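>>> Please find the sequence and the predicted model below.
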Amino acid sequence: MKQRYWSGLVIILLLLDTLLTYRQNYQLPLDGDLVPTIFPAPWYSQVMHDPFGWAVLTRQEVYAGTNRFFAHAGMTLYWKQVPLLLQAFLSAIDSLYVASALFNVATQLALIGLLAAYVRLGAQGERTGWGFWLAVLLLFPLFQTSGFYEQMGITNQAITYTFFYAFPLALLLLVLWPFYRAACRNEPLRLPLWQCVLLVLLMVVTVFNGPVVVASVAIVLLVVGVYWLRQQIRQWRQGIRQLPLAQGWLSGQALGLLAILGLLSVYSLYLGRYNAENSDTHTLKQLYELLPTGIYNSFMLQTGLQVLIGVVLLNGQLLRHVVPASPERSRVLLALRLVGLFSVVYLLLLPFGGYRPYRPFLVRGDSILPIIVALLFAYGVSAYYLLRHLRLPVVRWSYAAATGLLLLYFAKADSNPVMPRTNECERWALDQMAQSPEPVVRVSNECNVLAWGPMYDFHMSELQGKMLHYWRVTPAPKQYQQ
C-alpha cells in the first residue's frame, strides 16, 4: 500500500510536469527548417527518393541529407497527417502548434520512460513498479523546456531539431535495450527470430536518422569491442578453453546483431561524407582549435550542467567511500566511468561532424545531446543506488533531502509557464494571411513566419504559402513579404 501511494504521487507530479511542458511547447513558434523539410524543398527531394544512398554508392553524388532519410520521412509523415487529423476539433492554425507541442511532449515522455528503465535495471535489477517510478522521479525534473534549456535542453524549441536529435536518441535507447538488459543480468542474449528481425529493422531506421546516432553507436561499439577483447585475453591467460562466443552476455547472437549495427553505422557514416550541407570552410585542425572554446562556453552558459556534473561526481565519491562493496555497486561505478569515457570520446569526435555557422564553436545543446542524456543516466543510476543502499538512516535521509532540493532546483528553473519567445506574432500573421483576399500578403516584420528570418522578397515564401494551403490555413496558395 505504501509503495502504491508513492507511485501514485510520482504519477501525479509527472502529469503536472507534462501539462506544464505541453503549455510551454504550445507557445513556441514554428522553425524555419520545418517547411523545406516536409514539403520538401528541391534540395531535399533526392533523399526522399534515394533512402539508402544508392546514388552516393554508385556515382558519388552529393546532395542534402544523404544519411537522414528516416528523419525526413518521419517528419514528413507526421506533419502532413497529424495537423489535418487535429482539425477535426481544432482550427487550422491551432492544429499546427498543438501538433508541435504533442510531439515534443511525447518524445520527452519516451526518453523519461526509457532512461528510467535503464536506471532501475542498472542500479538494482528488481522488477518492482516502485523502483521504476523512483527512477522517473529522479529524472523528469531535469528535462528543461525553459530554465536551463540553452545549456541542457533535450527536446528542442525548434521542432525540426527534436525530430533530428532527441527522437533518434530515443530510438537508439530502444535498439540498445536488449543488449543492456543481457549485460546487467550477465545472461547470454537469446532473442526469438521475429524479435531479431524487428530489431534489425529498428537499427536501419535509427542509423539513417543522422550523425548524432551514428557517433553514439560508434563509441558504444568501441567500448563493447574493447570489453570483448579483454575477456578473450583473460580467458587465454587463464587457459580457459571455453568458446569465446558463449561467454557472459556477448553470445554469438549478440555479436552478430552488434556487427550488423556496426556495418549499418559505417555505411551511414560513409553516406554522410557526401551530404551537401557539410561545410568545407574549416580544416580539421581549425575545428579542434574551436573545440575548447565551445566546451568552456557551453559549461559556463548556465548553472544547470555545472550542478548536474558536480552531483554525478559527488555520487561517485559516495559510492566509493560510503556504500558497502557489492557486485551491484561495482556495476554502477562502471556505468559512471563509461559515461565519462563516452563524453570525452564524443567531444573528441565532434570536429569530424564539420562546421555549421549556427554552431560557431561546435558545442551546443543539440550537438552534445548524447552527452546530456548520458549524464542524466549517470545521475539517475547513482542517485537511485544511493537512496536504496545508504546504511545509516541519518545519512540516507540527509541524502534524500538533498536530492529533493536538487530536483526542486531544476523544477523551479523550468517552472515559468510563459516562454520568453512565443508564437503570438506568428499566429497573428497566419490569421492575416488566412483572411486576406490578396495573393501576396504584407505581414509584420516584427516576427518570423515559418522562417529563420524576415521574408523581404515574397518569392522566397512560395514553399511556405503552398504548405499553408495544404494545412488548410489559407483557402489558396499565397505568398507573403515583410
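Nice, I can see it.
>>> Determine how far stretch 402-414 lies from the middle of the whole chain.
Its chain's C-alpha centre and that of stretch 402-414 lie 22 Å apart, by CA atoms, centre = their mean, to the nearest Å.
>>> just stretch 77-85 next, same as before
Distance, stretch centre to chain centre, for stretch 77-85: 22 Å (CA atoms, centre = their mean).
>>> buried set for that stretch?
By neighbour count on 16 or more other CB atoms under 10 Å, the buried set for stretch 77-85 is Y78, W79, V82, P83. For every residue, glycine as well, the C-beta is placed using N, CA and C.
>>> Rounded mean pLDDT for that stretch, please.
In this model, stretch 77-85 carries a mean pLDDT of 97.
>>> circling back to that earlier point, among the buried residues of stretch 77-85, which are located in helices?
Of these, the ones assigned to helices by DSSP state H are Y78, W79, V82, P83.
>>> hang on, the earlier thing: return the closest of the buried residues of stretch 77-85 with respect to Y5.
Closest approach to Y5 among the buried residues of stretch 77-85 (CB to CB): V82, at 36.9 Å.
>>> one step back: could the ones in helices among the buried residues of stretch 77-85 go into CSV alongside distance to C425?
Output for those, formatted as CSV (distance: CB to CB, whole Å):
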residue, distance to C425
Y78, 25
W79, 21
V82, 24
P83, 20
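>>> farthest-separated two in these?
Farthest pair in those (CB to CB) is Y78 and P83. Separation: 9.0 Å.
>>> by contact count, what packs against the lengthiest helix in the chain?
Across the chain, the longest stretch assigned as helix under DSSP H is helix 92-123. Applying 3 or more CB pairs under 8 Å, 6 or more residues apart in numbering; DSSP states H and E, one finds that helix 92-123 contacts helix 2-26, helix 69-86, helix 129-139, helix 159-161, helix 167-185, helix 327-349, helix 369-389, helix 424-435.
>>> And the ones you listed: which comes nearest P475?
Using CB to CB, the helices and strands packed on helix 92-123 put helix 424-435 closest to P475, at 7.8 Å.
>>> Downstream of the closest one, the next helix or strand is which one?
strand 440-442 (DSSP states H and E).
>>> Which strands border that next one, and is each parallel or antiparallel?
Within its sheet, strand 440-442 is paired with strand 479-481 (parallel), according to DSSP bridges.
>>> Backbone dihedrals for N275, please?
phi -70, psi 120 (degrees, to the nearest 10).
>>> wait, what's in contact with the closest residue to it other than its chain neighbours?
With sequence-adjacent residues excluded and distances taken as CB to CB, 6 or more residues apart in numbering, N275 is closest to T66, at 4.7 Å. Shown in contact with T66 (CB atoms under 8 Å, 6 or more residues apart in numbering): V47, G53, V56, L271, G272, Y274, N275, A276.
>>> Just the buried subset of those residues, written out for ChimeraX, thanks.
To isolate the buried members of the contacts of T66 in ChimeraX, using 16+ other CB under 10 Å:
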select :47,53,56,271,272,274,275
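>>> and which of the contacts of T66 is nearest to R396?
Lowest distance from R396 to the contacts of T66 (CB to CB) belongs to G272, with 48.1 Å.
>>> Hmm, that closest one is touching V214, no?
Yes: between G272 and V214 there is a contact at 7.1 Å, judged by CB atoms under 8 Å.
>>> Give me the common contacts of those two.
Common neighbours of G272 and V214 (CB under 8 Å, 6+ apart) are N67.
>>> Next step: the contacts of T66 restricted to helices.
Judged by DSSP H, helices contain the following of the contacts of T66: V47, V56, L271, G272.
>>> OK, contacts around the spatially most central residue of the chain?
Centroid-nearest residue in the chain: A166, 2.3 Å away (criterion: CA atoms, centre = their mean). Counting by CB under 8 Å, 6+ apart, A166 touches T107, Q108, L111, I154, T155, N156, L369.
>>> switch to 7 Å and redo it
T107, L111, I154, T155, N156, L369 (CB atoms under 7 Å, 6 or more residues apart in numbering).
>>> What of P454?
Going by CB under 7 Å, 6+ apart, P454 touches N445, N448, Q482.
>>> for L169, same thing?
So L169 contacts V213, L369, P370, V373 (CB under 7 Å, 6+ apart).
>>> Recalculate using a threshold of 10 Å.
By CB atoms under 10 Å, 6 or more residues apart in numbering, the contact set of L169 is 107, 110-111, 114, 154, 206, 209, 212-213, 216, 369-370, 372-374.
>>> Neighbours of Y270, how many?
If you count neighbours by other CB atoms under 10 Å, Y270 ends up with 14.
>>> typo on my end, it should be T281
10.
>>> Tell me the confidence at it?
So T281 comes in at 75 (pLDDT).
>>> likewise P244?
43.
>>> buried residues in the lowest-mean-pLDDT helix or strand in the chain?
In the chain, the helix or strand scored least confidently by mean pLDDT, DSSP states H and E is helix 211-238, which has a mean of 80. Residues of helix 211-238 classed as buried: 211-221, 224, 228 (neighbour count, 16+ other CB under 10 Å).
>>> same thing with stretch 398-409?
Y399, T403, L406, L407, Y409.
>>> who touches that stretch?
Outside stretch 398-409, the residues touching it (CB under 10 Å, 6+ apart) are 13, 137-142, 147-148, 303-304, 307-308, 311, 314-315, 318, 322, 379, 383-384, 386-387, 390, 392, 415.
>>> Just the buried ones out of these, please.
13, 137-142, 147-148, 304, 307-308, 311, 315, 318, 379, 383-384, 386-387, 390.
>>> where does the protein dip in pLDDT?
Applying pLDDT under 70 to the chain flags the ranges 1-2, 125-129, 232, 234-248, 280.
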